[in-house]
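Student: Model the structure of this input:
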Amino acid sequence: MMLENVYLFSPVVNDGIPDFPKGTYDYDLWWQEQRKLCIKGYSVNGVRITGDHYFYLNFWKIKGKKSQGRLRKTLISPRFIQLDFDFFHEIEKARTAGKFFVITKARQRGFSEKLACLAAKEFMFFAHSQTIIVGGEYEHSENTMKMVHRGMNSMIDTEFYKRMNPSGIDFSWARFRDPKEKEYKGYFSELHCMTAKNNAQVLIGKSPSLIIFEEAGKFPNLINTFNYILPALQSEGDTTGFAIIVGTGGEMGKGADQLMKMFYNPASYNMMEYDDIYSENYDSTDSDRKRVGYFVPAWKFLKVDSNGNDLYEESTNILIKNRELKTSDSNSYFNELTQNPIYSEEAFLISDGAFFDSAKLNKRLAQVRKSKELSTRGQRGELIWEKQGSIITDIKWIPEETGD
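Tutor: Prediction:
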């Protein structure tokens, strides 16, 4: 669907916040309507954006370059792009269906900003909510949480802002207290920034309404960490919390296999599932094909028109040309494939300095993961290398369900 006149989806950016005196009927009515639109969504000429998308376009601020002026980034309102339109609709579908969400994507598509926006909205709109951003390394969750606070601070003069005590990167609590009073008041919603490094049980005791797993491709104990928090995301047979797991092509490390398991087996983890239409070998008539998680190829938001619609042919031509220019350097070519994947398999390619052709091995592994027949044919286990000094004398295979 090609969208037109998308500037109409940002009425607050276009017209500004009315200068009604605080506490008046008009003031309260306007902010009540804005809250409703941020939850229910907003329609223009029969086309609807979700409430999350409306909040992102009209109240969130991201770092970017203004169309005019100095060539330095500053805080600006996000522009409308098709990538965001699709993403926020799929997030809404998942929450409505009681499903979780796993994403694998190209680099530099602004997802940390979108995730930070979702975290801030949960904190500011829903009393007693608990939002957690967790990473395999602290820096991965910390970076997104800093965006959360920057975005909320840009709304300090709005009715959505919540006073906090304490207010920190690791933990923030939406509450305040008059110096003359003993009791705290406020929303009592919580924000947590955590790392599961060396501790898959770090989330035990938490009960999140929203949890974001950042840089899942570098999250070695991703599945165990997810499984430990899973009971807290459900209550009496209903899904009460929402999990988003996101990994980036070209930034896959020791946790890539964990993310790959979830991406290629989304139903096993109650994740939204999709036909793998971005697979290099996609065949809609193949009855053996498996469904996968949400994939964002590199051609999305590479070249767009004035209304934010993706220009597929122009974008793919650029990607293919870039690959052709780097074919003489295997490392550069490999990085180009993984950081800017056209096909879903390419996002999971891992270069670890191995002797064998990692690209071919990873593509074959992806084929095995996606095929119902192939994924049950193999046997998991451990290879034991027996040595005398530095000489390998024998190799033994030990079947083991949790093996590599």
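Student: any low-confidence regions in this structure?
Tutor: Where the chain drops to pLDDT under 70, the residues are 67-71, 250-251, 253-254, 350-359, 362, 370.
Student: center of it, which residue is that?
Tutor: Centroid check for the chain by C-alpha atoms, centre = their mean gives Val246 as the closest residue, at 4.0 Å.
Student: Can you give me every residue that contacts Lys65?
Tutor: Counting by C-beta atoms under 8 Å, 6 or more residues apart in numbering, Lys65 makes contact with Leu71, Arg72, Lys73, Thr74, Ile76. For glycine as for every other residue, the C-beta is placed from the backbone atoms N, C-alpha and C.
Student: mind checking how far the residue nearest to Val6 when sequence neighbours are not counted is from Thr50?
Tutor: Counting by C-beta to C-beta, 6 or more residues apart in numbering, Phe80 is the residue found nearest to Val6 once chain neighbours are left out, at 3.9 Å. To Thr50, Phe80 is 13 Å away according to C-beta to C-beta, to the nearest Å.
Student: What is the burial count for Asp288?
Tutor: 11 (other C-beta atoms under 10 Å).
Student: That one and Gln367 touch, don't they?
Tutor: No: the criterion here is C-beta atoms under 8 Å, and Asp288 misses it with Gln367 at 11.0 Å.
Student: Just give the closest residue to the residue nearest to the centre of the chain, not the sequence neighbours.
Tutor: Closest to Val246 by C-beta to C-beta, 6+ apart is Ile103, at 4.5 Å.
Student: and the one you found, how many neighbours?
Tutor: 24.
Student: Mind telling me what element it is part of?
Tutor: strand 101-105 (DSSP states H and E).
Student: So what are the sheet partners of that strand and their directions?
Tutor: According to DSSP bridges, strand 101-105 forms sheet pairs with strand 242-248 (parallel), strand 294-296 (parallel).
Student: relative to strand 101-105, how tilted is whatever helix or strand comes next after it?
Tutor: Later in the chain than strand 101-105, the nearest helix or strand by DSSP H and E is helix 111-125. With axes from the mean of the first three to the mean of the last three C-alpha atoms, to 10 degrees applied, the angle from helix 111-125 to strand 101-105 works out at 150 degrees.
Student: quick one, strands of the stretch 51-200 of the chain?
Tutor: Assigned by DSSP state E, counting those that start in this stretch, the stretch 51-200 of the chain shows strands spanning 62-65, 73-76, 101-105, 130-135, 171-173, 190-195.
Student: brain fart, the stretch 251-400 of the chain
Tutor: Under DSSP E, counting those that start in this stretch, the stretch 251-400 of the chain gives strands at 294-296, 381-388, 391-399.
Student: ok, the nearest residue to Lys146 once chain neighbours are set aside to Asn153 distance?
Tutor: Leaving aside its sequence neighbours, Lys146 sits nearest to Ile169 (C-beta to C-beta, 6+ apart; 6.4 Å). Separation of Ile169 from Asn153 (C-beta to C-beta): 13 Å.
Student: Please say which of those two ends up with more neighbours.
Tutor: Neighbour count, other C-beta under 10 Å: between Ile169 and Asn153, Ile169 has more, with 16 against 13.
Student: can you pull the contacts of that one?
Tutor: Ile169 neighbours (C-beta under 8 Å, 6+ apart): Glu142, Met145, Lys146, His149, Cys193.
Student: my guess is the last one meets Phe171, correct?
Tutor: Yes: if you go by C-beta under 8 Å, Cys193 and Phe171 touch, sitting 7.4 Å apart.
Student: Between these two, tell me which one has more neighbours.
Tutor: More crowded of Cys193 and Phe171, by other C-beta under 10 Å: Cys193, with 25 against 14.
Student: if we can go back for a sec, the strands of the stretch 51-200 of the chain: which one's closest to Ile39?
Tutor: strand 130-135 (16.2 Å; C-beta to C-beta).
Student: what's the angle from the closest one to helix 111-125?
Tutor: In terms of direction (the same axes, to 10 degrees), strand 130-135 departs from helix 111-125 by 160 degrees.
Student: Give me the sheet partners of strand 130-135 and which way each runs.
Tutor: strand 190-195 (parallel), strand 210-214 (parallel).
Student: Tell me which residues are up against it.
Tutor: By C-beta under 8 Å, 6+ apart, strand 130-135 touches 115, 119, 122-123, 141-142, 144-145, 148, 189-196, 202-203, 206-215, 218-219, 225.
Student: Val148 versus Ser112, what's the distance?
Tutor: Counting by C-beta to C-beta, the gap from Ser112 to Val148 is 10 Å.
Student: Also Phe160?
Tutor: In terms of C-beta to C-beta, Phe160 sits 13 Å off from Val148.
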